[in-house]
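Novice: Provided below for reference: sequence and predicted model.
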Protein chains: 2
Amino acid sequence: IIVWTNEEGSRFAPAMISSGVYAGLFGVDYAWSREDGDGKTLGAELQRIGYAGDQPCGTHPLGALIEVHIEQGPILEREGKTIGVVLGGQGQRWFDVRVTGQDAHSGSTPMQGRRDALAAAAPMIAAVEALAHANPPDAVATVGSLAVAPNSRNTIPGQIDFTIDLRHPDDDVLKAMGRSLRQDLTAIAGERGVGVTIEEIWHNPPVAFDPSCIDAVRGAAVDLGFAHRDMVSGAGHDACMVARKVPTSMIFVPCAGGLSHNEAESATPEDLAAGCDVLLKAMMTMGSSPPR
Amino acid sequence: IIVWTNEEGSRFAPAMISSGVYAGLFGVDYAWSREDGDGKTLGAELQRIGYAGDQPCGTHPLGALIEVHIEQGPILEREGKTIGVVLGGQGQRWFDVRVTGQDAHSGSTPMQGRRDALAAAAPMIAAVEALAHANPPDAVATVGSLAVAPNSRNTIPGQIDFTIDLRHPDDDVLKAMGRSLRQDLTAIAGERGVGVTIEEIWHNPPVAFDPSCIDAVRGAAVDLGFAHRDMVSGAGHDACMVARKVPTSMIFVPCAGGLSHNEAESATPEDLAAGCDVLLKAMMTMGSSPPR
């Protein structure tokens, strides 16, 4: 049984840092040197609370890893399923976009000749959404953060910065989405007479879980009589890091309204127990018949 | 010759406060009690710098007032005109809009069933712009300020607040634009499954300047041989306040690129001199033949 330190990354970015060290994606010195908003490091804080162990990280052998988690989405609840058999994790691409127009007076500047960065960003936001709808049912695309400058009620916005989060389980589709994104945003900027820069700041390829581990989870759900379906995780998880080194899979259980990272996040005791039962049975399967 | 205190209102809101007191729109106690960001009042600061005079404000008689100003827009420059004969000030309506959706995880929430407040705000911003294009050539409409909550890269935005600034010289058109605005935004919210509230926070009706004063300005431009055109001010000015009490008009001169409220704001000495010449001649006309 493992509880990984700092899965969310809310205090110490990036997320999934301990499982990342275990999987060899990050060095332990890098992890320890991560700072919170007050300049305290992860390493010093682990020392302070007595959690900086003396064993080297990443050498402890694991035969297989199976992680149970709420779905963080609405699919299981909507379909009345108890167990999600997770085949892998979606790939993610994160972009930073800057749209550059011209600040001007909102009253004395006629519509013709305006270079309104926010009026140009609006169809870009619509294009990002359309990109996901053009790749159903798995693609998702989100503009989560946006800043307006100078952000004054009576000034035409001269600069908009916004983020894009694209996800898809197939890296080829994800790459094609990225190409379309650049074409669409550049075309809109050209029509509008504004500048646009599109910088990719992260590309996390999809992760495929181990077939034996997936079979063990699906078999356990069948044996225990739980309604289930295969699915791909939309979120990042420690299992997605560890899967690069060790045979791995995941089990999802429903959560109310698909809500997560929200105070209303909720799952029923029955569903949580079902997830634990499937976990136990799948682990016993893996113990008696190790990964192929 | 008058220099009105606090025309911009940048330190002490609202703008045009002294001309507003003169015109009877604000009380002098209200004006003196306005505070800056540090809690200092306009009245105490006028006292401190020796500008709090002992004469009552608003009783000094004015026969007519003519204000000269840069256009703050690109029309004169674009048309190669030196003098703008200002017929009045546009009416303005300011709105605060809140769009309420549902925060959710950007990876694990399928496109179907999302209630993305920013994806809903995008077509609303486009609708605001379209409203101005539907009322050419004088209507302008601007979304100048927008805030996203929770404004996180990997969270679907649950709440958007934005501002709308609508302007038109005809109050009937401005009222119709306001009705269309409510219909359009409510329809988009309905299609999107998000909530929307639209609050009007200010309605400043159009101001028509005095015909004699307008004629004096136009006549001076003709007599002095300056290329000129009639126009309506898109911005607020002290003249728009004083016009409620005293025969008033304005003279505009070109500014580079139509830019204003920007460090690049610029006007040529020749154009400024032309504006002053028209002002002098118009004032002499008004002096020899008072307002009808």
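Specialist: Received, thanks.

Novice: show me where the stretch 1-150 of chain A has strands.
Specialist: A:65-70, A:83-89, A:91-100, A:104-105, A:140-142, A:146-149 (DSSP state E, counting those that start in this stretch).

Novice: which one of those strands lies nearest to chain B?
Specialist: strand A:140-142 (3.9 Å; C-beta to the nearest C-beta). Where C-beta positions appear, they are placed from N, C-alpha and C, glycine not excepted.

Novice: could you check the closest one against chain B for contacts?
Specialist: Yes: interface with chain B: strand A:140-142 contributes A:140, A:141, A:142 (C-beta under 8 Å from any C-beta of the partner chain).

Novice: just the CA coordinates for the longest helix seen in chain A, please, in CSV.
Specialist: For chain A, the helix with the greatest residue count under DSSP state H is helix A:171-192. The C-alpha coordinates for helix A:171-192 follow below in CSV (Å, rounded to 0.1, in the frame of the first residue of the first chain):
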residue,chain,number,x,y,z
ASP,A,171,-1.3,11.1,-29.5
ASP,A,172,-1.8,11.3,-33.3
VAL,A,173,-5.2,12.9,-32.8
LEU,A,174,-3.7,15.2,-30.2
LYS,A,175,-1.0,16.3,-32.6
ALA,A,176,-3.5,17.0,-35.3
MET,A,177,-5.6,19.0,-32.9
GLY,A,178,-2.5,21.1,-32.1
ARG,A,179,-1.9,21.8,-35.9
SER,A,180,-5.6,22.8,-36.4
LEU,A,181,-5.4,25.0,-33.3
ARG,A,182,-2.5,27.0,-34.8
GLN,A,183,-4.2,27.3,-38.2
ASP,A,184,-7.5,28.4,-36.7
LEU,A,185,-6.1,31.0,-34.3
THR,A,186,-3.6,32.4,-36.9
ALA,A,187,-6.5,32.7,-39.4
ILE,A,188,-8.7,34.6,-36.9
ALA,A,189,-5.8,36.9,-36.0
GLY,A,190,-5.3,37.7,-39.7
GLU,A,191,-8.9,38.5,-40.3
ARG,A,192,-9.0,40.7,-37.2
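
Novice: ok, and for that helix, which residues are buried?
Specialist: Buried residues in helix A:171-192, counting neighbours by 16 or more other C-beta atoms under 10 Å in any protein chain shown, are found at A:173, A:174, A:177, A:178, A:180, A:181, A:184, A:185, A:188, A:189, A:192.

Novice: what's the spacing between the third one and chain B?
Specialist: In this case it means residue A:177. Distance of residue A:177 to chain B, computed by C-beta to the nearest C-beta, to the nearest Å: 13 Å.

Novice: identify the residues contacting that residue.
Specialist: Residue A:177 sits next to A:93, A:131, A:135, A:139, A:141, A:166, A:168 when contact means C-beta atoms under 8 Å, 6 or more residues apart in numbering or on different chains.

Novice: list the contacts for the fifth one?
Specialist: Spelled out, that is residue A:141. Counted by C-beta under 8 Å, 6+ apart, residue A:141 has contacts A:128, A:129, A:131, A:132, A:164, A:165, A:166, A:167, A:177, B:111.

Novice: Three-state assignment for the residue most central in space within chain A, please.
Specialist: When C-alpha atoms, centre = their mean is applied to chain A, the residue found nearest the centroid is residue A:235 (3.7 Å). Under DSSP: H, G, I helix; E, B strand; the rest coil, residue A:235 falls in the coil class.

Novice: okay, it and residue A:258: tell me how far apart.
Specialist: Residue A:235 sits 12 Å away from residue A:258 when distances are taken as C-beta to C-beta, to the nearest Å.

Novice: hmm, residue A:209 is touching residue A:86, no?
Specialist: Yes: between residue A:209 and residue A:86 there is a contact at 6.5 Å, judged by C-beta atoms under 8 Å.

Novice: shared neighbours, these two?
Specialist: Common neighbours of residue A:209 and residue A:86 (C-beta under 8 Å, 6+ apart) are A:239, A:249, A:250.

Novice: residue A:106: how many residues sit nearby?
Specialist: By the measure other C-beta atoms under 10 Å in any protein chain shown, the count of residues near residue A:106 is 28.

Novice: report the contact partners of it.
Specialist: By C-beta under 8 Å, 6+ apart, the neighbours of residue A:106 are A:153, A:154, A:155, A:156, B:140, B:142, B:144, B:165, B:167, B:234.

Novice: can you tell me which of the residues you listed is nearest residue A:42?
Specialist: residue B:144 (41.4 Å; C-beta to C-beta).

Novice: ok, the closest one touching residue A:151?
Specialist: Yes: using C-beta under 8 Å, residue B:144 is in contact with residue A:151, at 7.3 Å.

Novice: who's more crowded, the two?
Specialist: Counted by other C-beta under 10 Å, residue B:144 and residue A:151 do not tie: residue B:144 has more neighbours, with 22 against 16.

Novice: now that one. Nearest residue, chain neighbours left out?
Specialist: The spatial neighbour of residue B:144 that comes closest, neighbours along the chain excluded (C-beta to C-beta, 6 or more residues apart in numbering or on different chains), is residue A:153 at 4.9 Å.

Novice: if I've got this straight, the one you found is in a helix?
Specialist: No: secondary structure of residue A:153 (three-state DSSP): coil, not part of a helix.

Novice: OK, contacts around it?
Specialist: Counting by C-beta under 8 Å, 6+ apart, the residues that residue A:153 touches are A:106, B:94, B:144, B:145, B:163, B:165.

Novice: got the residues you listed as a markdown table, with pLDDT and distance to residue A:69 columns?
Specialist: Shown next, in a markdown table, are those (pLDDT from 0 to 100; distance: C-beta to C-beta, whole Å):
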| residue | pLDDT | distance to residue A:69 |
| --- | --- | --- |
| A:106 | 92 | 48 |
| B:94 | 91 | 47 |
| B:144 | 95 | 43 |
| B:145 | 95 | 39 |
| B:163 | 95 | 41 |
| B:165 | 95 | 47 |
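
Novice: what angle sits between the helix or strand that the longest helix of chain A is followed by and helix A:171-192?
Specialist: Using DSSP states H and E, the helix or strand that directly follows helix A:171-192 along the chain is strand A:195-204. Computed by axes from the mean of the first three to the mean of the last three C-alpha atoms, to 10 degrees, the angle separating strand A:195-204 from helix A:171-192 equals 170 degrees.

Novice: okay then, goodbye and thanks.
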